[in-house]
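[1] Have a look; sequence and predicted model below, questions after that.
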Amino acid sequence: MKIATWNVNSLKIRLPQVLTWLQANPVDILCLQETKLTDDRFPALELAAAGYQSIYSGQSTYNGVAILWRADRGWEPSQSMIGNPHFPDEQKRLISAELGGVRVVCAYVPNGQAVGSDKYDYKLRWFDALIAWTGEMLNTQPRLVVAGDYNIAPEDRDVHDPAAWADQVLCSVPERDRLRQLMALGLSDAFRLFDQPDKTFSWWDYRQLGFQKNRGLRIDHLLVSDALKPLASSCLIDRAPRKWQQPSDHAPVVLELGPGRATD
DNA sequence: ATGGCCCGTAGAACGGGA
């Protein structure tokens, strides 16, 4: 079973790239963030024609999340849910469902804008609620993947210029502490379960030739629960779509869960 | 030293992103 996450920065603009990518990378499950589409405009028919079913929760201009899965798997989603039951939120940043025996959470964590700002406070409160809810989910379904755009670089090695980013939003101590608290529930950063090249990132600024100079951050993650961790066989960031014309500023991250009961 | 791009909503610039 392969599970991927990708912040597409407008699915309206990026749908052709998503379809192209899925054709070359027919993952079982794809979590999308920043779709920026109201539900009535979500391209469910186009995705179905490409062999993917979907659930989605979006809004205009900002936010929006979706989970796609291969129709030929014959899965019926259960526990399908929009948002966090413990955090009423008008912003569409969370969607989850159980698919193929795995509870999948697709998250678009708030950016936070700047340390100390109202948006930063919202980010921390939002994340605290995610921690609380994830703890409860693990009690009922230990096979859990929390995937998405976390807007947090876990460590300095996930940052192209740690000195410049020190204590800035996405890298600040309170944000990193919260990510660690989430992982302390029994979740692992799938990317770090394997040897990885130095300076591997998942986001690069559109400006200043950020991608060409590899001035990036690793902020998109797939966290796997202890029950699934032994099944993880690879986790890779696919830089290829970032080289395409009119790309998203984020690259997809792909986790492979090996044989076992993951494809039940 | 500053901001440099992209997207959506606009129907011109601007907020937001990271």
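    Right, received. Where do you want to start? Residues are numbered from 1 along each chain as shown, chains lettered A, B, ... in the order given.

[2] got the buried residues for the longest helix anywhere in chain A?
    Longest helix in chain A by number of residues (criterion: DSSP state H): helix A:118-140. For helix A:118-140, the neighbour count (16 or more other Cβ atoms under 10 Å) marks A:120, A:122-124, A:126-127, A:129-131, A:133-134, A:137-138 as buried. Heads up, the C-betas are built off the backbone N, CA and C, glycines and all.

[3] Let me have those residues in TSV, extended by distance to A:Val224 and pLDDT.
    Output for those, formatted as TSV (distance: Cβ to Cβ, whole Å; pLDDT from 0 to 100):
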residue	distance to A:Val224	pLDDT
A:Tyr120	28	96
A:Tyr122	27	96
A:Lys123	23	97
A:Leu124	24	97
A:Trp126	22	97
A:Phe127	18	98
A:Ala129	21	98
A:Leu130	16	98
A:Ile131	16	98
A:Trp133	17	98
A:Thr134	12	98
A:Met137	13	98
A:Leu138	12	98
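
[4] Show me the helices in the stretch 101-250 of chain A, by range?
    A:118-140, A:162-165, A:173-184 (DSSP state H, counting those that start in this stretch).

[5] Export the buried residues of helix A:118-140 as CSV, with columns for distance to A:Ala50.
    Formatted as CSV, those follow (distance: Cβ to Cβ, whole Å):
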residue, distance to A:Ala50
A:Tyr120, 38
A:Tyr122, 35
A:Lys123, 34
A:Leu124, 38
A:Trp126, 32
A:Phe127, 33
A:Ala129, 34
A:Leu130, 30
A:Ile131, 35
A:Trp133, 31
A:Thr134, 31
A:Met137, 30
A:Leu138, 33
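
[6] Next up, the contacts around A:Pro154.
    A:Pro154 sits next to A:Arg176, A:Leu179, A:Arg180, A:Asp189, A:Arg218, A:His221 when contact means Cβ atoms under 8 Å, 6 or more residues apart in numbering.

[7] let's go with 7 Å and repeat that
    A:Arg176, A:Leu179, A:Asp189 (Cβ atoms under 7 Å, 6 or more residues apart in numbering).

[8] and A:Glu256, which of the three is it?
    Classification of A:Glu256 using DSSP: H, G, I helix; E, B strand; the rest coil returns strand.

[9] confidence score at it?
    You'll see A:Glu256 listed with a pLDDT of 98.

[10] My guess is it contacts A:Ile3. True?
    No: here A:Glu256 lies out of contact with A:Ile3, judged by Cβ atoms under 7 Å, at a distance of 8.1 Å.
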